[in-house]
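Asker: Sequence first, then the predicted structure, then my questions.
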Amino acid sequence: MEMIIDFPGGARVDAHFGPYTVKTDQPPMGGGEGSAPTPFAIFLASLGTCAGIYVLGFCRQRGLSAEGIRIIQRMHSNPKTGLVGKFELEIQVPPDFPEKYRPSLVRSAELCAVKKHFENPPQFEITTKEVAAA
C-alpha cells in the first residue's frame, strides 16, 4: 500500500490512500489549529478500533448483538522515557451478554493486526529523493 502525505497548510499533515484522506493537525499550543486529531492520537485510536473490528466480527459470527459493548483503551507512559509502556483494553459488555463468550471476546480482540505489529515491530527505512517540480 502506498500513501501520499502532504502539507495543506499550517501544522496540518494529511495522508491520502485509495479514496480516503486522513487529516491531522496539532493543537494550538503545538502551532496548529486543533482542526483534526494529532497523528499520534490517530495512531493510538488504530489500536482500539482494530480490536473493535475483531470484537464486532466475533459477535456477528455468533449472532450476538454488539449493542451496549464498548472498549475502553488506557495507556500508561513510562515516566523516564515518556513513551507508552503499556496498553489496557477493557471490553465492557452489558449484563445480558453471555458469560460463556467473554473469554472468547478477549481472544478475538487479541487477534488485532495493529496489536500484532506492536508485538513484532517492522524495520524503518527513511530516505530522501529529489523530484522535479510539478
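Answerer: Received the coordinates, thanks. Residues are numbered from 1 along each chain as shown.
Asker: Name the helix or strand for Arg107, please.
Answerer: Secondary structure assignment for Arg107, by DSSP states H and E: helix 102-109.
Asker: what's that helix packed up against?
Answerer: Using 3 or more C-beta pairs under 8 Å, 6 or more residues apart in numbering; DSSP states H and E as the contact test, the elements touching helix 102-109 are helix 39-61, strand 84-92. From N, CA and C alone the C-beta is placed, and that goes for glycine too.
Asker: residues making contact with the helix or strand following the first one?
Answerer: I take that to be helix 39-61. Once helix 39-61 ends, the next helix or strand along the chain (criterion: DSSP H and E) is strand 70-77. The contact list for strand 70-77, computed with C-beta atoms under 8 Å, 6 or more residues apart in numbering, reads 44, 47-48, 51-52, 55, 83-92, 109.
Asker: Now which of these would you call buried?
Answerer: Restricting the contacts of strand 70-77 to buried positions leaves Leu44, Leu47, Gly48, Ala51, Gly52, Val55, Leu89, Ile91, Ala109, with burial counted as 16 or more other C-beta atoms under 10 Å.
Asker: ok, the fourth one touching Lys115?
Answerer: The reference is to Ala51. Yes. Taking C-beta atoms under 8 Å as the definition, Ala51 is a contact partner of Lys115 at 6.9 Å.
Asker: Sweet, I'm off.
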